[in-house]
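1. Model the following, please.
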Amino acid sequence: MYNDFLQVFPWAISIILGISLLVAMLVVPYMQYFFIRKGVQQSHAEKKKKRRNMLDLMQEKYEWLLYKCFAYPKITLSFGVLTVVIGCALFSILPQKLMPTADRNQFAVEFLSA
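-> Coordinates of the predicted model:
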């Protein structure tokens, strides 16, 4: 019963990781080149002349957040440690199952309600 699942599981993981590697190495750099054409260094006057698009707004907010993170490193590191601790606590609280229980020769999907 579990044999069918366990035979294809390594192949599925290998194919998924291979496709993920191809996307990360080929598609993402191409999209970055296509969508981010302007250089990093621009004068302040050039920024005000052009019409701002969504990418400019996202870059502006990212630079603001980056500045705040470097201005307050203790708060930034505390927030990072806190999120890891919360993740570990949730991981230990939630029930873990590797395989669902099935009495028949098929898979059963169980939804647990809290």
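2. what's the distance between the closest residue to residue 95 other than its chain neighbours and residue 94?
-> Distances taken as C-beta to C-beta, 6 or more residues apart in numbering put residue 112 closest to residue 95, at 6.6 Å, once the chain neighbours are dropped. Using the backbone N, CA and C atoms, a C-beta is placed for each residue, glycine as well. As for residue 112, its distance to residue 94 is 9 Å (criterion: C-beta to C-beta, to the nearest Å).
3. With residue 27 instead?
-> Taking C-beta to C-beta as the measure, residue 27 and residue 94 are separated by 33 Å.
4. what does residue 54 give?
-> When C-beta to C-beta is the yardstick, residue 54 and residue 94 sit 36 Å from each other.
5. again with residue 56
-> Using C-beta to C-beta, residue 56 is found at 40 Å from residue 94.
6. Comparing those two, which residue is more hemmed in?
-> Neighbours were counted for residue 56 and for residue 94 using other C-beta atoms under 10 Å; residue 56 has more, 13 against 9.
7. Need the CA coordinates for the helix or strand harbouring the more buried one. PDB is fine.
-> Taking DSSP states H and E as the definition, one finds residue 56 inside helix 54-71. Taking C-alpha atoms only, helix 54-71 is exported to PDB below (Å, rounded to 0.1, in the frame of the first residue of the first chain):
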ATOM      1  CA  MET A  54       5.000  49.800  -9.400                       C
ATOM      2  CA  LEU A  55       8.700  48.700  -9.500                       C
ATOM      3  CA  ASP A  56       9.900  52.200  -8.500                       C
ATOM      4  CA  LEU A  57       7.400  52.200  -5.500                       C
ATOM      5  CA  MET A  58       8.500  48.700  -4.400                       C
ATOM      6  CA  GLN A  59      12.200  49.700  -4.600                       C
ATOM      7  CA  GLU A  60      11.500  52.900  -2.600                       C
ATOM      8  CA  LYS A  61       9.700  51.000   0.100                       C
ATOM      9  CA  TYR A  62      12.500  48.300   0.100                       C
ATOM     10  CA  GLU A  63      15.200  51.000   0.500                       C
ATOM     11  CA  TRP A  64      13.200  52.600   3.400                       C
ATOM     12  CA  LEU A  65      12.900  49.200   5.100                       C
ATOM     13  CA  LEU A  66      16.500  48.400   4.500                       C
ATOM     14  CA  TYR A  67      17.500  51.700   6.000                       C
ATOM     15  CA  LYS A  68      15.400  51.100   9.100                       C
ATOM     16  CA  CYS A  69      16.800  47.600   9.600                       C
ATOM     17  CA  PHE A  70      20.400  48.900   9.500                       C
ATOM     18  CA  ALA A  71      19.500  51.900  11.700                       C
END
